[in-house]
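**Q** here is a sequence together with a model predicted from it:
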Amino acid sequence: MEKTWILVSDARRARCFERSGSHAALSELQCFVYAQERHAGAPPSGDVSGDAGKGHGRTGHAGTQFEPRTQSRTLERREFARQLAQYINQGVAKRQCASLVLIATGPMLGELRPCLSHDAEKILKTCVASDLTRYQGEALRERIDDALKIPG
């Protein structure tokens, strides 16, 4: 029977499941949690300006300059999407699944799709913008089934 991989994700956590058949049980393959590489108050990854919030602006004088919080979240989401896509792309390359379903928040889908390999794109069955990361067991299976019934 053909195996389908179902990735359920938001910007911080993801779970990859395998299913053999349309209403078969879900078998969890991998759980991902995006670990922030920095502690509170530290500059975002790649920021070499020193103290968080302090730096030299375009005018060249000392002052307080803050990066928008949404920018760091976008960068973190993009990095997490790359990690997830790498896992998926490797599985597809090894022919561990015949089809792929992505169920993730809208912003995460926007970051994840461009990171998929050509082969992964070819077996991508559907994408659903929904956050199912907080559900477990039977509730999760039911919500995945419902999400897959939504016309895309």
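**A** Looks like it arrived, so ask away. Just so you know, these numbers come straight off a predicted model, no measurement behind them. Numbers count the residues shown, from 1 in each chain.

**Q** where does this protein dip in pLDDT?
**A** 1, 36-70, 150-152 (pLDDT under 70).

**Q** any chance you could map the strands in it?
**A** Listed from the start of the chain, the chain has strands (DSSP state E) covering 3-9, 13-20, 27-33, 54-56, 62-64, 99-104, 124-129.

**Q** including mean neighbour count and distance to Asn89, could these go into JSON lines?
**A** The C-beta positions use only the backbone N, C-alpha and C, and glycine is treated the same way. Output for the strands of the chain, formatted as JSON lines (neighbours: other C-beta atoms under 10 Å; distance: least, C-beta to C-beta, whole Å):
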{"stretch": "strand 3-9", "mean neighbour count": "23", "distance to Asn89": "11"}
{"stretch": "strand 13-20", "mean neighbour count": "19", "distance to Asn89": "12"}
{"stretch": "strand 27-33", "mean neighbour count": "13", "distance to Asn89": "13"}
{"stretch": "strand 54-56", "mean neighbour count": "14", "distance to Asn89": "37"}
{"stretch": "strand 62-64", "mean neighbour count": "10", "distance to Asn89": "42"}
{"stretch": "strand 99-104", "mean neighbour count": "22", "distance to Asn89": "10"}
{"stretch": "strand 124-129", "mean neighbour count": "16", "distance to Asn89": "12"}
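
**Q** nearest residue to the middle of the protein?
**A** Among the residues of the chain, the one closest to the centroid is Ala81, at 4.2 Å (C-alpha atoms, centre = their mean).

**Q** so that one touches Pro107, yeah?
**A** No. Contact between Ala81 and Pro107 fails when scored by C-beta atoms under 8 Å: they sit 9.4 Å apart.

**Q** so what touches stretch 25-37?
**A** With contacts defined as C-beta atoms under 8 Å, 6 or more residues apart in numbering, stretch 25-37 is touched by 5-6, 9, 11-19, 45, 76, 79-80, 83-84, 87, 140-141, 144.

**Q** go through this structure and flag its longest helix.
**A** Assignment by DSSP state H gives helix 69-93 as the longest helix of the chain.

**Q** for that one, packing partners?
**A** Using 3 or more C-beta pairs under 8 Å, 6 or more residues apart in numbering; DSSP states H and E as the contact criterion, the secondary-structure elements in contact with helix 69-93 are strand 3-9, strand 13-20, strand 27-33, helix 106-112, helix 118-123.

**Q** fine by me, we can end here.
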